[in-house]
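Undergrad: here is a sequence together with a model predicted from it:
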Amino acid sequence: MLAVEIRVRGQINADWSKRFSDLAIVHASDGDTVLSGPVRDQSELRGILSSLADLGLELVSVTTEPASAPLDEDVMTGQEEQSSRRWGTKPGRKDDMV
């Protein structure tokens, strides 16, 4: 089980949570949408990412952690190399573009 946080440009209606494996949907102040919560495995995560791509949404970042670890940006900031797995970025980079 993984805890995941996915950030996309634009806003997704919170009613669409079921379409994205019941992930919580929160609208960030910068206009992005953050989807977060547990996923079973990489296969489920890829399905969610595929659904987002099918909607034409721009992927900003994907962060995964073991499900028992918190997805708190304040906690992760200094620990990216140890506890976070990011696609398309190098640990410590400020721009998490994929």
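TA: Arrived safely, thanks for sending. Numbering: from 1, shown residues only.

Undergrad: bridged to the closest residue to L57 other than its chain neighbours, which residues?
TA: Leaving aside its chain neighbours, L57 sits nearest to V8 (4.3 Å; criterion: CB to CB, 6 or more residues apart in numbering). Quick note: C-beta positions are derived from backbone N, CA and C, even for glycine. Taking DSSP bridges as the rule, V8 bridges to T33, L59.

Undergrad: number of nearby residues for S17?
TA: 15 (other CB atoms under 10 Å).

Undergrad: mind checking the SS state of it?
TA: Here S17 is recorded as helix under DSSP: H, G, I helix; E, B strand; the rest coil.

Undergrad: for it, what are its contacts?
TA: 23-25 (CB atoms under 8 Å, 6 or more residues apart in numbering).

Undergrad: measure it to S68 for me?
TA: Noted for S17: a distance of 22 Å to S68, by CB to CB, to the nearest Å.

Undergrad: how about the strands in this protein?
TA: Counting by DSSP state E, the chain has strands at residues 2-8, 24-27, 33-39, 59-66, 85-86.

Undergrad: deepest of those, which one?
TA: Across the strands of the chain, averaging neighbours per residue (mean count of other CB atoms under 10 Å) puts strand 2-8 on top, at a mean of 20.

Undergrad: could you check the angle that one makes with strand 59-66?
TA: 170 degrees (axes from the mean of the first three to the mean of the last three CA atoms, to 10 degrees).

Undergrad: packing partners of strand 2-8?
TA: strand 33-39, helix 42-54, strand 59-66 (3 or more CB pairs under 8 Å, 6 or more residues apart in numbering; DSSP states H and E).

Undergrad: make JSON lines out of these and add mean pLDDT.
TA: Output for those, formatted as JSON lines (pLDDT from 0 to 100):
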{"stretch": "strand 33-39", "mean pLDDT": "96"}
{"stretch": "helix 42-54", "mean pLDDT": "94"}
{"stretch": "strand 59-66", "mean pLDDT": "94"}
